[in-house]
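A.B. asks: no sequence for this one, just the structure:
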């Protein structure tokens with residue numbers, strides 16, 4: 001593939017046209033050259049200690065305060081002002097009052113958020129690797145990005161490269177300061193494809209490579 005080169009009648013590529021080529025890119029489907037995907041391996045589930053701790057703390061604090069106030073009333077003391085005020089507000093405000101609707105909407109949003117946390121695995125930054133027996137392993141997306149970036153920088157002609165590793169696609173954007181862009185892209189394709197294969201991911205992501213020349217100053 002030549003994005004910007006011209007071919008003469010004898011089939012030779014004009015060198016001057018090739019030097020004016022500014023970009024070369026290609027994209028491939030997941031697993032196209034990285035080996036067959038292993039059987040389905042789900043993502044790791046987050047323990048979510050902080051949300052669980054906050055909910056438990058709020059429930060314990062609210063229940064303890066309410067229990068103390070009920071016990072105080074049973075002992076002959078007057079109820080706390082906040083409970084008296086809350087009872088008066090609930091008995092006097094209509095259901096279509098703005099504060100009532102706003103409070104109900106907030107509770108609904110918090111409930112939906114808790115349900116989403118309970119039903120989704122989380123840990124989006126951890127990519128599952130192929131299982132070996134009963135042992136499960138994963139690699140952090142930042143670590144995978146660093147490994148693939150180092151592989152890309154070993155390709156001749158690559159001046160700088162940015163690699164973004166997602167759960168479904170790896171995107172590489174490189175600058176080449178010499179060699180034909182299509183040749184650099186082809187070598188970059190092979191290097192990154194081999195790097196993805198060696199990562200041993202359970203679901204190899206698709207690969208997208210874009211190579212261009214740095215702008216002249």
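C.D. replies: Sure, I can see it. What you see is a predicted model; the values in this text were computed from it and never measured.
A.B. asks: Okay, buried residues for stretch 199-217 please.
C.D. replies: 199-213 (16 or more other C-beta atoms under 10 Å). C-beta coordinates here come from the backbone N, C-alpha and C atoms, glycine included.
A.B. asks: Off-centre distance for it?
C.D. replies: Centroid separation for stretch 199-217 versus its chain: 17 Å, with C-alpha atoms, centre = their mean, to the nearest Å.
A.B. asks: I'd say residue 129 and residue 199 touch.
C.D. replies: Yes - at 7.3 Å, residue 129 counts as touching residue 199 under the criterion of C-beta atoms under 8 Å.
A.B. asks: between those two, what contacts are shared?
C.D. replies: Counting by C-beta atoms under 8 Å, 6 or more residues apart in numbering, the shared contacts of residue 129 and residue 199 are residue 139.
A.B. asks: Work out for me the element residue 172 sits within.
C.D. replies: Using DSSP states H and E, residue 172 sits within strand 169-176.
A.B. asks: And the contacts of stretch 153-163?
C.D. replies: 145, 148-149, 152, 170-179, 183-184, 187-188, 191-192, 214.
A.B. asks: can you rerun that using 10 Å?
C.D. replies: With C-beta atoms under 10 Å, 6 or more residues apart in numbering as the test, stretch 153-163 has contacts from 144-152, 170-181, 183-192, 195, 209-211, 213-214.
A.B. asks: in the longest helix anywhere in the chain, what's buried?
C.D. replies: For the chain, the longest helix by residue count, based on DSSP state H, is helix 49-74. Within helix 49-74, the residues scored as buried using 16+ other C-beta under 10 Å are residue 69.
A.B. asks: Which neighbouring elements make contact with it?
C.D. replies: helix 81-92, helix 98-119 (3 or more C-beta pairs under 10 Å, 6 or more residues apart in numbering; DSSP states H and E).
A.B. asks: So which other helices or strands are in contact with the first one?
C.D. replies: Think helix 81-92. Using 3+ C-beta pairs under 10 Å, 6+ apart, helix 81-92 sits against helix 49-74, helix 98-119.
A.B. asks: With distance to residue 162 and mean pLDDT as new columns, can those helices be given to me in JSON lines?
C.D. replies: Compiled in JSON lines, the helices and strands packed on helix 81-92 are given as follows (distance: least, C-beta to C-beta, whole Å; pLDDT from 0 to 100):
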{"stretch": "helix 49-74", "distance to residue 162": "32", "mean pLDDT": "89"}
{"stretch": "helix 98-119", "distance to residue 162": "32", "mean pLDDT": "89"}
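A.B. asks: Quick check: which of those helices is nearest to residue 137?
C.D. replies: helix 49-74 (21.9 Å; C-beta to C-beta).
A.B. asks: roughly how far out does that closest one sit from the chain middle?
C.D. replies: 35 Å.
A.B. asks: quick one: that helix to helix 81-92, angle?
C.D. replies: 90 degrees (axes from the mean of the first three to the mean of the last three C-alpha atoms, to 10 degrees).
A.B. asks: residue nearest the centroid of this protein?
C.D. replies: residue 124 (5.0 Å; C-alpha atoms, centre = their mean).
A.B. asks: For the closest residue to that residue other than its chain neighbours, report the pLDDT, please.
C.D. replies: Distances taken as C-beta to C-beta, 6 or more residues apart in numbering place residue 167 nearest to residue 124, at 6.8 Å, with adjacent residues excluded. Residue 167 carries a pLDDT value of 85.
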